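Asker: The following comprises the amino acid sequence and a computationally predicted model.
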Amino acid sequence: MEKVLNQEEIDDMVRRVRSGNAAPPSSTGPVVQPWDIRQAGQIGSEQLRAINQLHELFARNLTTSIGGYLRIVFDCSLASAEHLTYREFLQCVPEQTYLASIDLAPVGATAVLQFDLAIAFPIIDVMLGGEGKNSGITRDITEIEEEVLEGIVRIMCRELQTSWHAISLEFNFGARQP
């Protein structure tokens, strides 16, 4: 519906513009702030601090969940939270690793989870009855080992969802990526 202004309201608006107070005091419209295009795509320090807190909670929950699932003493902690482009991320990924796609609902996005094989093989060893020793295996994982790790990744998705519940973000295992 279009509002028609009377002469008194028009005069009032002109007076405010001339005096430098263009917006009425009761205005609840958007606030215009300067923006630097060089900051596009960057995560602010406050956002990074919130992400750190979420992932520290995730690490504590994962310590309990994986430890209970494997029935061993398991420790997980946040090493760092960094903002990388996808290209920078790919350059850091080892040639032989476990990559899984994680579907993020309801936003319709996909996340990538990278699981280092130096951690994966001892976990597989424990799950198959071994002691969990790191034997320095330098091969890709087999289909059976992939199935075993999928259970761990699903636990990780559940704990990520628990940590990010404040924004109703769902983490669902997609598939292993070659």
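Answerer: Alright, I've got the coordinates.
Asker: who touches Glu170 in this structure?
Answerer: Asp103, Leu104, Ala105, Pro106, Gln161 (Cβ atoms under 8 Å, 6 or more residues apart in numbering). C-beta: built from backbone N, CA, C; applies to glycine.
Asker: can you tell me which of those are in helices?
Answerer: Using DSSP state H, the subset of these located in helices is Gln161.
Asker: So Asn172: helix, strand or coil?
Answerer: Secondary structure state of Asn172, per DSSP: H, G, I helix; E, B strand; the rest coil, is strand.
Asker: Now for the protein, the helix or strand with the poorest mean pLDDT.
Answerer: Evaluated with mean pLDDT, DSSP states H and E, the helix-and-strand set of the chain has its lowest mean pLDDT in helix 7-19, which scores a mean of 83.
Asker: mind exporting that helix as CSV, just the C-alpha atoms?
Answerer: The C-alpha trace of helix 7-19 is given here as CSV (Å, rounded to 0.1, in the frame of the first residue of the first chain):
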residue,chain,number,x,y,z
GLN,A,7,2.3,19.1,2.9
GLU,A,8,3.3,19.2,6.6
GLU,A,9,5.1,15.8,6.4
ILE,A,10,6.9,16.8,3.2
ASP,A,11,8.1,20.1,4.9
ASP,A,12,9.2,18.1,7.9
MET,A,13,11.3,15.7,5.7
VAL,A,14,12.9,18.7,3.9
ARG,A,15,13.8,20.3,7.2
ARG,A,16,15.5,17.1,8.4
VAL,A,17,17.5,16.7,5.2
ARG,A,18,18.7,20.3,5.4
SER,A,19,19.7,19.9,9.0
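Asker: SS state for Glu147?
Answerer: Assigned with three-state DSSP, Glu147 falls in the helix class.
Asker: Kindly report the same for Ser101.
Answerer: strand.
Asker: ok, and the closest non-adjacent residue to it?
Answerer: Distances taken as Cβ to Cβ, 6 or more residues apart in numbering put Gly174 closest to Ser101, at 3.6 Å, once the chain neighbours are dropped.
Asker: And the least confident helix or strand of the chain, what's buried?
Answerer: Taking 16 or more other Cβ atoms under 10 Å as the neighbour-count basis, helix 7-19 is seen to contain no buried residue.
Asker: Any idea how many residues pack against Thr63?
Answerer: Neighbourhood size, Thr63 [other Cβ atoms under 10 Å]: 16.
Asker: Also the one 10 residues further on?
Answerer: Residues lying near Val73 (other Cβ under 10 Å) number 7.
Asker: Hmm, Gly67 and it touching each other?
Answerer: Yes: the criterion here is Cβ atoms under 8 Å, and Val73 meets it with Gly67 at 6.3 Å.
Asker: Quick check: neighbours shared by the two?
Answerer: Counting by Cβ under 8 Å, 6+ apart, no residue touches both Val73 and Gly67.
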